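Participant: Provided below for reference: sequence and predicted model.
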Amino acid sequence: MSVEAESHDPRSLRYAFALWALLGVFIFRVAAQGLIALGYGTLLPPWEEWFSGLVPYPRLLISQLAIIAVFAKICVDFTRGSGISVQPRRQVGTALTFLGSLYLTVMVVRYVIRMALYPPERWIGGSIPIVFHWVLAAFILVVGRYHRRESPRRSHRRVLRTRLMQLAIWVIVAAGVSTWIAYQLAPTVLAVTLHARRADHAVRIDRGVAMTTSDGVRLVADVYRPLRETRTPTLLVRIPFSKTFTNSLFATVVGRFWAERGYTVVMQGTRGRYESEGRHTPLVDERRDGIDTIDWLSRQPFFDGRVGMWGGSAFGYTQWAIVDRLPSPPTGRAALSGSIRFYQVSWRTSNAFGATAPRTLQAAAGWSSGHGRMPKPSSCQEPPRLEITGSRAWRQASPGSIAI
C-alpha cells in the first residue's frame with residue numbers, strides 16, 4: 001500500500017472548500033478570456049481588460065492550464081485528505097506563506113500605482129489581471145496556512161534561527177521590490193525631471209512584433225500602446241545597439257513615457273541589432289530598412305497617418321536617413337545630436353593617417369565625449385538647422401499636435 005493511501009487527514013477538508021472556490025474563480029477567468037479570443041465574448045469586458053500584454057496569449061494560455069492542473073491536484077488531495085499536498089510540513093508552509101505574501105504585496109502595489117498614475121483607470125479599469133493575481137496569491141496562502149498550522153511545533157532554538165533567516169530574506173526581497181517600484185515609476189520621474197505633462201494612459205506592451213523587409217530580413221520591435229486608444233500618432237525609434245540590460249531598460253522607460261502621453265511607440269532594432277535579424281553594417285541599411293518600416297507602419301491598425309521620430313547620436317542618423325520619406329509633411333522628429341557628414345567627420349583622410357586624420361580623430365573623440373564641443377574640422381559643413389517646436393512647448397504638447 002502506498003504512503004498516500006495510508007495517510008488520511010480529515011483536517012484538510014475544511015481548507016478544501018476555500019481552495020475549490022478560488023480555483024473556480026480562476027477557471028472562470030481563463031474560460032472568459034478564451035471565449036473572447038474565439039469571438040464569443042460579446043457580453044464580457046473587451047480583450048484589453050483581460051490581458052496585460054506581458055506574455056503573448058498562446059503562451060499565457062498554456063501557463064494558465066498548467067496552473068489549473070496543479071491547483072486541481074492540490075484541491076483533490078485536500079478533499080480526499082490524502083496525498084503529498086496534505087502531508088503537513090512546516091518548511092513548506094513557511095515557504096508558501098512567504099511567496100504568497102510577496103506575490104499579494106506586489107500585486108497590491110501594482111494596483112495602487114496604476115490607480116495613482118492613470119486617472120482614467122480608476123477604480124477597476126484594466127485591473128482584471130491584477131484581481132486574478134490576488135486569487136492565485138490567496139490560494140497559495142491558504143495552502144501555506146494549512147501546512148504551518150497543522151505541522152508539529154519546533155524547538156525554540158530552531159524557531160529563532162528560522163526567524164533570522166526569514167528576516168534576511170525579507171530584507172533582500174524588500175530591496176528587490178523597491179527596485180521594481182522604482183522601475184515602475186521611472187517614466188513618471190522622467191516626466192517630472194523634464195517638466196512634462198502628467199500621464200494620461202496606462203500602457204500595453206507588445207514585445208517581439210516582427211516585420212519583413214523588402215529583401216526578406218526580419219526586423220523586431222517592441223510596441224508600446226496607450227490603452228483605450230485605437231488610432232494614435234506613432235513615434236518610431238530605431239535602435240542601432242545590441243540588446244543589453246541597460247539598453248532594454250532605456251527602451252522600456254522611454255517607450256512607456258511617450259505611450260503614457262497618448263503616442264504609440266515602436267522601438268525597433270536596426271538590422272542585426274537589438275532583436276532584429278540580419279548582418280549589421282553601420283550606415284548602410286538604415287535608409288532601405290527605414291523606408292520599409294514606414295511602409296509597414298502605414299498598414300498597422302493603430303497608425304493614424306502621423307509619425308514622428310526621436311533620438312540622438314546614432315538614433316539621429318536613422319532619422320536623417322529617411323526624413324524625406326516620412327509622411328508629408330513630416331509631423332515631428334527630434335534628432336538631438338547626430339551628424340549628417342559621417343564621411344568628413346570620421347573617415348575622411350588625405351592618405352593613410354594623412355594630414356587631416358589628427359583633426360578628424362580629435363573631432364570624433366570630442367563629439368563622443370562632449371557632443372560636439374571640440375572644434376569641427378574646417379572641411380566639415382554645418383548641418384542644416386532642424387526646425388522643431390520650441391524647447392519647452394513639446395513638454396505640454398498633446399498627441400494631436402505631435403510636437404516633439
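Facilitator: That came in fine, so what should we check first?

Participant: which residues does Phe241 contact?
Facilitator: Contacts for Phe241 were tallied using C-beta atoms under 8 Å, 6 or more residues apart in numbering; they are 247, 273-274, 314. (C-beta placed from N, C-alpha, C; glycine too.)

Participant: rerun that using 7 Å as the cut-off
Facilitator: With contacts taken as C-beta atoms under 7 Å, 6 or more residues apart in numbering, Phe241 has the following neighbours: 247, 273-274.

Participant: who's in contact with Ala18?
Facilitator: Remark: with contacts taken as C-beta under 7 Å, 6+ apart, Ala18 is in contact with Val142.

Participant: 10 Å instead?
Facilitator: By C-beta atoms under 10 Å, 6 or more residues apart in numbering, the residues touching Ala18 are 75, 78, 138-139, 141-143, 145-146.

Participant: Looks to me like it is in a helix.
Facilitator: Yes: the assignment for Ala18 by DSSP: H, G, I helix; E, B strand; the rest coil puts it in a helix.

Participant: What distance do you get for it to Val30?
Facilitator: Relative to Val30, Ala18 is positioned 19 Å away (C-beta to C-beta, to the nearest Å).

Participant: Format the contacts of Ala18 as CSV; extra columns: distance to Ile169 and secondary structure.
Facilitator: As requested, the contacts of Ala18 are arranged in CSV below (distance: C-beta to C-beta, whole Å; DSSP: H, G, I helix; E, B strand; the rest coil):
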residue, distance to Ile169, secondary structure
Cys75, 29, helix
Phe78, 27, helix
Ala138, 22, helix
Phe139, 22, helix
Leu141, 17, helix
Val142, 22, helix
Val143, 19, helix
Arg145, 19, helix
Tyr146, 22, helix
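
Participant: tell me what the helix or strand in which Val189 is found is packed against?
Facilitator: Following DSSP states H and E, the helix or strand that holds Val189 is helix 156-194. Using 3 or more C-beta pairs under 10 Å, 6 or more residues apart in numbering; DSSP states H and E as the contact test, the elements touching helix 156-194 are helix 90-117, helix 245-259.

Participant: Let me know which of the ones you listed is tucked in deepest.
Facilitator: Neighbour counts averaged per stretch over the helices and strands packed on helix 156-194 are highest for helix 245-259, at a mean of 18; criterion: mean count of other C-beta atoms under 10 Å.

Participant: Who are the packing partners of it?
Facilitator: Helices and strands in packing contact with helix 245-259 are listed as helix 156-194, strand 203-212, strand 218-226, strand 232-239, strand 264-269, strand 303-311; criterion 3+ C-beta pairs under 10 Å, 6+ apart.

Participant: For whichever helix or strand comes after the fifth one, buried residues please.
Facilitator: So that's strand 264-269. Elements were assigned by DSSP H and E; along the chain past strand 264-269, the next helix or strand is helix 286-297. For helix 286-297, burial by neighbour count (16 or more other C-beta atoms under 10 Å) applies to 286-294, 296-297.

Participant: and helix 286-297, C-alpha only, in PDB?
Facilitator: In PDB, the C-alpha atoms belonging to helix 286-297 read as follows (Å, rounded to 0.1, in the frame of the first residue of the first chain):
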ATOM      1  CA  GLU A 286      19.300  52.300 -42.400                       C
ATOM      2  CA  ARG A 287      17.600  54.000 -45.300                       C
ATOM      3  CA  ARG A 288      16.200  50.900 -47.100                       C
ATOM      4  CA  ASP A 289      15.000  49.300 -43.800                       C
ATOM      5  CA  GLY A 290      13.700  52.600 -42.500                       C
ATOM      6  CA  ILE A 291      11.600  53.100 -45.700                       C
ATOM      7  CA  ASP A 292      10.300  49.500 -45.300                       C
ATOM      8  CA  THR A 293       9.400  50.200 -41.700                       C
ATOM      9  CA  ILE A 294       7.400  53.400 -42.600                       C
ATOM     10  CA  ASP A 295       5.600  51.300 -45.200                       C
ATOM     11  CA  TRP A 296       4.800  48.700 -42.600                       C
ATOM     12  CA  LEU A 297       3.600  51.300 -40.100                       C
END
